[in-house]
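Participant: Structural data only, the sequence is not supplied:
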């Protein structure tokens, strides 16, 4: 399974229009494309930072869709009123119990195989015991050596309560991967229409 993320540095006042675009225009078009397995959008209403991520059955279907989806991404950029960066990922881990309302995204550098093993074996069982936990995923980009770990939480209170334990878990993954934590950000989960199978 693969994913393509479009990261927008938009304007906070345009967030609701961006969410409406994802729900009403982007997803109906994506849903018709062979190999598409879902779309999600996370937003930070204070900064205008948003990430829309589409998931795909394989790399070939993702690559084949790129040109036809370019106008959709550019329309999203225009609506949100900011810059856009596009990245591609391999979905290394996907574990979901139910949907939540917010998420924490961590970007890490290091040995991606070691990172995946540490996340799957060392972190997932601990996350499952954390109150308010909904789902977790790990995306990896082998050309850049970067991993992107996302945990989804039932409520913002649950996410905030998990910060200390999350810091510890994140540090352990970075250490086991011989790498470093590049960035951590918390978001509202504004849209999630996903059919990615369990990959834990």
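Facilitator: Alright, I've got the coordinates. Because the structure is predicted, anything quoted here is derived from the model rather than measured. Residues are numbered from 1 along each chain as shown.
Participant: Identify the residue spatially nearest to residue 111, adjacent ones excluded.
Facilitator: residue 177 (4.8 Å; C-beta to C-beta, 6 or more residues apart in numbering). All C-beta spots, glycine's among them, are computed from the backbone N, C-alpha and C.
Participant: Please report how far the one you found lies from residue 78.
Facilitator: According to C-beta to C-beta, to the nearest Å, residue 177 and residue 78 sit 37 Å apart.
Participant: Same question for residue 160.
Facilitator: Counting by C-beta to C-beta, the gap from residue 160 to residue 78 is 33 Å.
Participant: quick one: the helix or strand where residue 52 lies to chain centroid distance?
Facilitator: Assessed by DSSP states H and E, residue 52 sits inside strand 49-56. Relative to its chain's centre, strand 49-56 lies at 6 Å (C-alpha atoms, centre = their mean, to the nearest Å).
Participant: And it, what does it pack against?
Facilitator: strand 2-9, strand 36-43, helix 59-80, strand 180-194 (3 or more C-beta pairs under 8 Å, 6 or more residues apart in numbering; DSSP states H and E).
Participant: Format the ones you listed as CSV; extra columns: distance to residue 140.
Facilitator: As requested, the helices and strands packed on strand 49-56 are exported to CSV (distance: least, C-beta to C-beta, whole Å):
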stretch, distance to residue 140
strand 2-9, 10
strand 36-43, 17
helix 59-80, 13
strand 180-194, 13
